[in-house]
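kindly generate the corresponding structure for this input.
(chains A and B)
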Amino acid sequence: MILSPLPLLTAALFLLLTTIFLRALYIRTTLSRLRPPKRTTPSHILIVLGSGGHTAEMSSLLRGFDPSRYFHRTYVVSSGDGFSAQKALEIERMLQQSKDQPSKEGDTDPVTGRWDVRVVPRARKIHQSLLTTPFSAIWSLASCIWVLWDCSWRRAGWPDVVVTNGPATGVMVVFAAAGLRFLGVAGWGKMRCVYVESWARVRTLSLSGRILLWAGVCERFLVQWEGLARRVNGRGGGRGKVEWVGFLVA
Amino acid sequence: MSKVCFVTTGATAEFSELIAAVLDPQCLQLLKKEGFTTLNIQCGETFKNVESMKPADTQGLAIHAFDFKPDLHRDMRECQALEGPGCSRKQGLIILHAGAGTVMDAMRLGLNMIVVPNPSLLDNHQDELAEELHMQNYATAASVQ
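Here you go, the predicted structure:
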């Protein structure tokens, strides 16, 4: 008996879709309920820096972070954003305030650990045509995957947590992390994604926020205004709940 | 005893309406009545026209205008009350555009704030922020209309 290709293809597609669905469901239901383990070992945090406003907020968000606990800090900045790379150094100066001079990028300090800056291409440049945006976005996503993968080979390993507050690059990094988790490449419980909506967003989510909430790829989705949380959660539906925890950057 | 009012319009967009409103004789009179001695204005691009916007009678207020500064913290701190030998100020006032970064800086310093959204930045949600700050008693929201 010769099987015609169409039913075979349909069956294969059906199997594939079922697998994807079950895997996504499994990750969503188990991982979101899994509390992070009580840490005895220092952890690796990945911080996405964007343009001026986002970076300023991120810098306030990280104020009071203990560098000996977050022993490895990887900053992801987008290309052509020299300011953000400079900002990483300023954030380090703040985190390592006990010392006169922060440790150099890539050096490992016994107390404050190590920090690195990674550059990824922009998903979309300002004024870039919408026609070419999908290509640059894919290119950006690919380099985000590469950056995360590259971490895993180093001593720091996969990031334990990924923090972003809304730049487009952050969306790419979170999707890259979600993809790697989905495929089971990254270790279990690694790269938990935390999204912090900008303090400036009082009533509506930003585009980045909407995309990430819709995709349901962040373990924690925090907003800083109660009214915004009420607006978003009030719409009902089990999916896409945000948490309001007060001002995080003020 | 000095009392400072600091007006800032932000670095992104021009906001000449706010400067015009502050330099209005009626406003200056009110500031004088409230005991203000100094009015500092960060004007942005409007700086080139600010001299012509000043009224002839400044009500005895010392008015200093400038266009941009990399860091406004020093000017903001002048709006704080200060007790000390040789220098004492009353708690002043900051009148600012509703840019999130500036508002947050002013809040950290505990300044009295009047927040004025820039209408030319409609898609920037400045009005929503101003309204919410007003509702939660962090600031007084005002408009230039």
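
show me where the chain has helices.
Defaulting to chain A. A:5-26, A:32-33, A:52-61, A:82-95, A:133-153, A:168-182, A:207-215, A:226-234 (DSSP state H).

think we crossed wires, I meant chain B
Going by DSSP H, chain B shows helices at B:16-22, B:25-33, B:50-53, B:73-77, B:100-108, B:126-135.

avg pLDDT for stretch A:15-29?
Mean per-residue pLDDT for stretch A:15-29: 85.

on that earlier part again, least confident of the helices of chain A, on average?
helix A:32-33 (a mean of 62).

for chain B, which spans come out with low pLDDT?
Chain B contains residues with pLDDT under 70 at B:122-123.

chain A contacts on that one?
Selection of chain B residues close to chain A by C-beta under 8 Å from any C-beta of the partner chain yields B:A100, B:G101, B:M104, B:M107, B:R108, B:H125, B:E128, B:L129, B:E131, B:E132. The way it works is simple: take the backbone N, C-alpha and C, and place the C-beta from them, glycine included.

leaving out the residues flanking it, which one is nearest to the second one?
Counting by C-beta to C-beta, 6 or more residues apart in numbering or on different chains, A:A56 is the residue found nearest to B:G101 once chain neighbours are left out, at 5.5 Å.

A:K99 too?
Nearest to A:K99 is A:T112, by C-beta to C-beta, 6+ apart, at 7.0 Å.

please work out which of the helices of chain A is packed deepest.
helix A:168-182 (a mean of 23; mean count of other C-beta atoms under 10 Å in any protein chain shown).

compare the helices of chain A and give me the one nearest B:A141.
helix A:226-234 (14.8 Å; C-beta to C-beta).

tell me who's in contact with the residue nearest to A:K99.
By C-beta atoms under 8 Å, 6 or more residues apart in numbering or on different chains, the contact list for A:T112 reads A:P67, A:S68, A:L95, A:Q96, A:S98, A:K99, A:P102, A:S103.

what two of those are the furthest from one another?
Maximum pairwise distance in the contacts of A:T112, criterion C-beta to C-beta, is 13.7 Å, between A:S68 and A:P102.

just want the residue of chain A that's nearest chain B.
Residue of chain A nearest chain B, by C-beta to the nearest C-beta: A:A200 (3.5 Å).

for that residue, which non-adjacent residue is spatially closest?
Closest to A:A200 by C-beta to C-beta, 6+ apart is B:A100, at 3.5 Å.

name the nearest of the residues of chain B next to chain A relative to chain A.
Nearest to chain A among the residues of chain B next to chain A: B:A100, at 3.5 Å, using C-beta to the nearest C-beta.

mind listing what the closest one touches?
A:G53, A:E57, A:S198, A:W199, A:A200, B:L129.
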